[in-house]
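Novice: fold the following for me, if possible:
(2 chains)
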Amino acid sequence: MQTINFLKPNRDNIKNYSIIGSFLVLVSLIDVISNAFLKINLTSFLPGSLTTLFPLIIGLIGLNMMRIDYSGNKKLDLLNKNINTNNFNALLTLLILFSIIKALPQSLSWMIFDATISGDSKDACTGTGACWTYIKVWFRRFMYGMYPNEFHWRINTAFILVIALGFVGYFMKENLKKYLALYYVIIYPVIAYLVIYYLISGGSFGLQWVETGAWGGLSLTFIVSFFCLIFCFPLGMIFALGRRSNLPAIKYISICYIEFWRGVPLITVLFMSSVMFPMFLPEDFFMDKLVRVIIAITLFEAAYCAEVIRGGLQSLPRGQYDAAKSLGMGYWKMHIFVILPQALKLVIPGIANTFLALVKDTPLIFVVGLAELAGMLALAKTNPKWLGFAMEGYIFASIVFWIICYAMSKYSYNLEAKYKTER
Amino acid sequence: MNNIIKRYIPQILVILFVVLIFGFLTLNAQTNMDNRGIDFGFGFLSQESSFDVQFSLIEYSGSDSYARAFLVGLLNTLLVSFISIIICTILGVIIGVARLSSNYLIKNSAAWYVEFFRNIPLLLQIFFWYYAALRALPMPEKADAWFGVTYMTVKGYYIPSMVWENLNVFLYCGLAAIIAIIVLRNYANKLRDTQGKQIPVLLYSVGLLIVLPLLSFLFGGVSLEFEIPDLKKLSKISYIYEGGISLPPELIALVLALSLYTSTFVAECVRAGIEGVSKGQKEAAASVGLTPNQVLKLVIMPQALRIIIPPTTNQYLNLTKNSSLAAAIAYPDLVLVFAGTALMQTGKAIEIVSITMLTYLTISLTIAAIMNWYNKKIEIKEK
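Specialist: Numbering: from 1, shown residues only, chains lettered A, B, ... in the order given. Model prediction:
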């Protein structure tokens, strides 16, 4: 051990050591950067494999020379504590830095510097980079599907209305707050349904009828996940209560329901809704494809919702039940006024997670022929005028979904943190 | 009396309701099927299927029955789930541990990995790998060899296949090694409990695992040859690799997407498990003089595993269910072969969809039952 100790600094010579060390790290970084950005190999005089390993070795020696338990220099200590605790850590640090530097120029030039966004046909894309023109031209299709261009304002208005109605709860007067649950569980879904039906479907008030087959794109994702959420929540609540009931018939029916839906993949449920469900309907009874899909996903998600709500119910202390009973409350009174308000508050983060999973599952509706964002991409990809831009399309869709899902997961995380402190 | 009414009336009503719904649906199904001239029954399973499946683990051709097609699909589903589970476990453990690293860069890269792959719908990831990433691979004739013997091409990944002689002798040797290890472990435990002696079990086990199969090569007449894929010209422009095993791009795309997506969830389980072990446990273990490795092996891991395993199994189940997305890129899994092609041909919607759903349900419930049993077993028994 003594032999390599000459690279180990102590508090007296740390200044010199850290200068030499940071110089070596700098050299290694410069070597990698020049390799990646300028395509110049500064160390070409070295034999083959040593050239590639050179920055790593130099960097490691440099970091090793800078490593000290406590130097008094704040910046150096911060560096050592965070990225340079031992040789293995230093190696990983360097590897991560190098791979970022190596990957950056390629992806940046593909995505930004060499990319094309001007023009409105495939001919505009002659460069080596990405062709964002494709996204620009197809943007409306990706957002609204085959919905006629001149009616897009209807979708936008409907969404704004539905969202605005959703916020009504925040502005309700104090004496109306007790009807909040009633509003969200029963009145709001009905109003939202009517708004979406009359505005987006049309057919009355002088609006032209647009069949659901033309709906698509990201707006369809929102419609499907919105309706599934508001319908699956009450249904899930019923089954959660059912599963905790002490009446055996109700309990076992609920268990069967929940375990059945949790045990099958969504895609088979959608298959069921498209090929098997029509067989179970009365003759001459036509149900729209979109409605069938929403029913199928609602039934499916209700099982997951039920499990989340059951978790909330279980986490309430027994005392709450006993106290409610001792006040002479019956089953329904106890649940509506004492148990559910507390339990539902607890499960909001869990419900948010279920909703997140639901949004991520909506692209699956392609199996029944409804084209939301992923489905529209598949359509656009096979359009003879726009062949060969699959990569751009999927990257665009990934970014869109990522932003939505990341925002939601952060929001649910915040909710979780918020409700944790209150208890 | 009042009590009996309160107890039984709701139950009877609910049962009546369920029976009515089911009765209504069955009645409709019956009239519908009568009208369309479809009869209900599972007799079609033994009929000749007369369709081909691109990728199958067992011998299969169009002259086999629908039941065998079902088996082909099921095996393909299990294959892709199995490979993905192994990869996602390895990745997930690495990422989960990395998220707890003291190194700022590692911690944050791992966190971003998780956030990145978790928040993109799985179907999009599958599409991305299949339609965008794997399509950018070279044609067979232009492919470079990876590790000298494997070829990654747009038509799939070609790897050498193993040609065994006396494979059964080799397998027996492996089995013997495993039994020997179990015996050795029990013996070592006994020795430790009674006499306080320690045996380096791990070292011996690795030795046994290497030596016994090696012996089978030397004395058991076992031999192993590799059949390396070889480029062959079909026509002027079309080339193909012959020999070896070819993994279709569908399988690779599916495995990549499934394992990357699920590894983020596994990583979160692992992180939660390790964080769930209280700090006092580590300190207590260190203060009785255990080395850091021993602390990890004897104190942290057993407790962390108790927290990690149940949710991780749940993720494995999700992965298996998610593998049904294979249908989207035409990988011949259970859903595509059975609920897709077979359904198209026979038109037996009710039977086929029920069989498919029941298969997944059986897999889920079996694993859930095993997990419940395991949870009961490892539960901390408080006195």
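
Novice: for the stretch 201-350 of chain A, which spans come out with low pLDDT?
Specialist: Within the stretch 201-350 of chain A, the ranges that satisfy pLDDT under 70 run A:203, A:206.

Novice: spell out which parts of it neighbour chain B.
Specialist: Within the stretch 201-350 of chain A, the residues that sit near chain B (C-beta under 8 Å from any C-beta of the partner chain) are A:247-250, A:253, A:259-260, A:262-269, A:271-272, A:275-276, A:278-283. To be clear about C-beta, it is placed using only N, CA and C from the backbone, and glycine gets the same treatment.

Novice: hmm, 10 Å instead?
Specialist: Contacts of the stretch 201-350 of chain A with chain B, taken as C-beta under 10 Å from any C-beta of the partner chain, map to A:221, A:242, A:245-251, A:253-254, A:256-257, A:259-269, A:271-283, A:285, A:330-331.

Novice: of these, buried ones?
Specialist: A:221, A:242, A:245, A:247, A:249-250, A:253-254, A:257, A:259-269, A:271-281 (16 or more other C-beta atoms under 10 Å in any protein chain shown).

Novice: helices along the stretch 101-250 of chain B, start to end?
Specialist: Using DSSP state H, counting those that start in this stretch, the helices of the stretch 101-250 of chain B run over B:104-118, B:122-127, B:167-195, B:201-219, B:249-276.

Novice: tell me how the chain divides into domains.
Specialist: This is for chain A. A:2-112, A:133-147+A:210-422 (automatic domain parsing).

Novice: my question was about chain B, not that one.
Specialist: Domain assignment for chain B, taken from automatic domain parsing, gives B:2-39, B:66-160+B:228-378.

Novice: most neighbours per residue, which of the domains of chain A?
Specialist: Across the domains of chain A, averaging neighbours per residue (mean count of other C-beta atoms under 10 Å in any protein chain shown) puts domain A:133-147+A:210-422 on top, at a mean of 18.

Novice: quick revisit: include mean neighbour count and mean pLDDT when you put the domains of chain B into JSON lines, please.
Specialist: Converted to JSON lines, the domains of chain B look like this (neighbours: other C-beta atoms under 10 Å in any protein chain shown; pLDDT from 0 to 100):
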{"stretch": "domain B:2-39", "mean neighbour count": "12", "mean pLDDT": "83"}
{"stretch": "domain B:66-160+B:228-378", "mean neighbour count": "18", "mean pLDDT": "84"}
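
Novice: about what we covered before: just put the helices of the stretch 101-250 of chain B in TSV and tack on distance to A:T128.
Specialist: Listed next are the helices of the stretch 101-250 of chain B as TSV, based on distance: least, C-beta to C-beta, whole Å:
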stretch	distance to A:T128
helix B:104-118	25
helix B:122-127	23
helix B:167-195	50
helix B:201-219	50
helix B:249-276	24
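
Novice: if we can go back for a sec, okay, the domains of chain B in TSV with distance to A:S28 next?
Specialist: As requested, the domains of chain B are exported to TSV (distance: least, C-beta to C-beta, whole Å):
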stretch	distance to A:S28
domain B:2-39	70
domain B:66-160+B:228-378	15
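
Novice: tell me which of those domains sits nearest to A:W138.
Specialist: Minimum separation from A:W138 across those (C-beta to C-beta) falls at domain B:66-160+B:228-378, 15.5 Å.

Novice: by proximity to chain B, which residue of the stretch 1-150 of chain A wins?
Specialist: A:N82 (4.0 Å; C-beta to the nearest C-beta).

Novice: contact partners for that residue?
Specialist: A:N89, A:T93, B:S102, B:N103, B:Y104, B:L105, B:I106, B:K107 (C-beta atoms under 10 Å, 6 or more residues apart in numbering or on different chains).

Novice: which of the residues you listed sits closest to B:V19?
Specialist: Closest to B:V19, out of all of these and judged by C-beta to C-beta, is B:K107, at 56.7 Å.

Novice: phi, psi of the nearest residue to the closest one once chain neighbours are set aside?
Specialist: Sequence neighbours aside, B:S101 is the residue nearest to B:K107 in space, at 5.1 Å (criterion: C-beta to C-beta, 6 or more residues apart in numbering or on different chains). For B:S101, the backbone dihedrals (degrees, to the nearest 10) come out as phi -60, psi 150.

Novice: and the stretch 51-200 of chain A, which residues reach chain B?
Specialist: So far as C-beta under 10 Å from any C-beta goes, the stretch 51-200 of chain A lies against chain B at A:78-79, A:81-86, A:88-90, A:92-97, A:99-100.

Novice: in helices only, show me the residues you listed.
Specialist: Residues of those located in helices (DSSP state H): A:78-79, A:81-83, A:88-90, A:92-97, A:99-100.

Novice: helices and strands around the longest helix seen in chain A, which ones?
Specialist: Secondary structure of chain A per DSSP H: the longest helix is helix A:390-422. For helix A:390-422, the elements it packs on are helix A:132-144, helix A:217-243, helix A:340-361, helix A:373-381, helix B:104-118, helix B:122-127, judged by 3 or more C-beta pairs under 10 Å, 6 or more residues apart in numbering or on different chains; DSSP states H and E.

Novice: a markdown table please, covering the ones you listed and showing distance to B:Y241.
Specialist: A markdown table is the format used below for these (distance: least, C-beta to C-beta, whole Å):
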| stretch | distance to B:Y241 |
| --- | --- |
| helix A:132-144 | 34 |
| helix A:217-243 | 41 |
| helix A:340-361 | 37 |
| helix A:373-381 | 28 |
| helix B:104-118 | 31 |
| helix B:122-127 | 25 |
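
Novice: of these, which approaches A:I160 most closely?
Specialist: helix A:217-243 (12.0 Å).

Novice: the following helix or strand past that closest one to helix A:217-243, inter-axis angle?
Specialist: Counting by DSSP states H and E, the next helix or strand C-terminal to helix A:217-243 is helix A:248-263. Helix A:248-263 and helix A:217-243 meet at an angle of 150 degrees, taking axes from the mean of the first three to the mean of the last three C-alpha atoms, to 10 degrees as the criterion.

Novice: just how off-centre is helix A:248-263 within its chain?
Specialist: Counting by C-alpha atoms, centre = their mean, to the nearest Å, helix A:248-263 is centred 29 Å from the centre of its parent chain.

Novice: helices or strands next to that helix in the packing?
Specialist: Helix A:248-263 packs on helix A:217-243, helix A:289-315, helix B:2-36, helix B:301-322, helix B:349-378, going by 3+ C-beta pairs under 10 Å, 6+ apart.

Novice: now those helices as JSON lines including distance to B:G207?
Specialist: Formatted as JSON lines, these follow (distance: least, C-beta to C-beta, whole Å):
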{"stretch": "helix A:217-243", "distance to B:G207": "52"}
{"stretch": "helix A:289-315", "distance to B:G207": "47"}
{"stretch": "helix B:2-36", "distance to B:G207": "61"}
{"stretch": "helix B:301-322", "distance to B:G207": "23"}
{"stretch": "helix B:349-378", "distance to B:G207": "30"}
